[in-house]
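K.L.:
Give me a model of this one.
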Amino acid sequence: MTVQLHPDTLPFLQQLAMNNNRDWFNAHKGHWIEIKEAFEAFTQALIDEMSVADDTLTGLTAKNSVYRIYRDTRFSPDKTPYKTHVSCFLSSWGPKNSGVPGYYFQLGAEPAYGLEGTCTLGGGIFMPSPEALKAIRQEIFYCYNDFVAIMDTPAYKKYFGTDFFTTKKLQRVPTGYPNDWEYADLLKYKDYCTSYTMPDKLIDSPRLFDEVIKVWKASLPLNRFLQRAMEGLR
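P.N.:
From the prediction side, this is the model:
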C-alpha cells in the first residue's frame, strides 16, 4: 500500500510544540489543513483495510474516527490550545463510540496519555464501563484458555509482550474470583489495551501503512474476544 502521511506531519507538530499559541497556528493553518487532509486519507485507507478483517468497523469514516487537534482546556491547568499529536480511533459498532474495543494510532512531537515514543498504536479497550469490565473479566475467567492462547500467539507476543496498557492495575483480585486462581493476575486490569511503539525509521517510510495494519491485525483476536464478552451489552 502506498498511502502515506504528509511528509511535514511530524515537523509541523514539532514546531507546534515550540509555538503552541493561536497566532502561530493561524499563521500556518493552511499548511495544517494539508497535513490534516492527508491524515484523514491515511485513516480512511486504514478503515477500508481493517473493515475487511473486522466487520464491526463497517460504516466508519475518517471524519468520525480522527480526533481534533484542539485541546479541551476547561478543566486542565495546561491552557495550551493545541495537541501536539495527530490520532485516530477505529471503534467497534459505529462511529464515535467510547469504551468499546477498537484500534488506536497516535503520532506526535511529544508522548501523550502515558504512551511512549513518537508513534504508538494498538488495540483493545480503554476505560470500559463498569458493566463492560465486569463482562470482560467474567469472559476471561470462564474462557481463560481462549484468552491465554491469544496472548501466546507469535504475532501478539512480537508486538505487545505479556502486559496491557492500563490506567490502573488492582493490587488484589476482584471480588468474586479466587485469589489462588492460576491466571488471577489477568483480572486485575482496568483496561485491556495492546500498545506498540513504531520504530522512528518507519514513520516516513512507504511501509508505514502496512506496518500499522500488521500491528492492528495482531490485536484483532483480542478485540474479537472483547467484542464477544460485550455482545450482551450492545
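
K.L.:
alpha carbons only for contacts and neighbour counts from here, please
P.N.:
Fine.

K.L.:
Stretch 99-108 - what's its average pLDDT?
P.N.:
The average pLDDT within stretch 99-108 is 95.

K.L.:
what residues does it touch?
P.N.:
10, 13-14, 84-92, 118-129, 216, 223, 226-227 (C-alpha atoms under 8 Å, 6 or more residues apart in numbering).

K.L.:
Now, of those residues, which are buried?
P.N.:
Applying 16 or more other C-alpha atoms under 10 Å to these, the neighbour count classes 10, 13-14, 84-92, 118-128, 216, 223, 226-227 as buried.

K.L.:
In helices, which of these appear?
P.N.:
Using DSSP state H, the subset of those located in helices is 10, 13, 14, 216, 223, 226, 227.

K.L.:
can you put the residues you listed in a markdown table and add pLDDT and distance to residue 165?
P.N.:
Output for these, formatted as a markdown table (pLDDT from 0 to 100; distance: C-alpha to C-alpha, whole Å):
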| residue | pLDDT | distance to residue 165 |
| --- | --- | --- |
| 10 | 95 | 24 |
| 13 | 96 | 25 |
| 14 | 95 | 25 |
| 216 | 98 | 15 |
| 223 | 98 | 14 |
| 226 | 98 | 15 |
| 227 | 97 | 18 |
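
K.L.:
Which members of the residues you listed define the maximum pairwise distance?
P.N.:
Maximum pairwise distance in those, criterion C-alpha to C-alpha, is 36.8 Å, between 14 and 227.

K.L.:
and the longest helix for this protein?
P.N.:
Ranking each helix of the chain by length (DSSP H) puts helix 29-53 first.

K.L.:
Return the set of buried residues in it.
P.N.:
32, 35-36, 38-48, 50-51.

K.L.:
Residue 184: which of these is nearest?
P.N.:
residue 50 (32.1 Å).

K.L.:
can I assume that closest one is in contact with residue 214?
P.N.:
No: counting by C-alpha atoms under 8 Å, residue 50 sits too far from residue 214 to count as a contact (10.1 Å).

K.L.:
So, low pLDDT: which residues of the chain?
P.N.:
Within the chain, the segments meeting pLDDT under 70 span 1, 96, 112, 114.

K.L.:
how about the helices in it?
P.N.:
Counting by DSSP H, the helices of the chain are 9-18, 22-27, 29-53, 130-142, 144-151, 154-160, 208-230.

K.L.:
Report the beta-bridge partners for the residue positioned nearest the centre of the chain.
P.N.:
The chain has residue 104 as the residue nearest its centroid, 2.2 Å off, counting by C-alpha atoms, centre = their mean. On the basis of DSSP bridges, residue 104 is bridged to residue 89, residue 122.

K.L.:
That one and residue 197: what is the separation?
P.N.:
12 Å (C-alpha to C-alpha, to the nearest Å).
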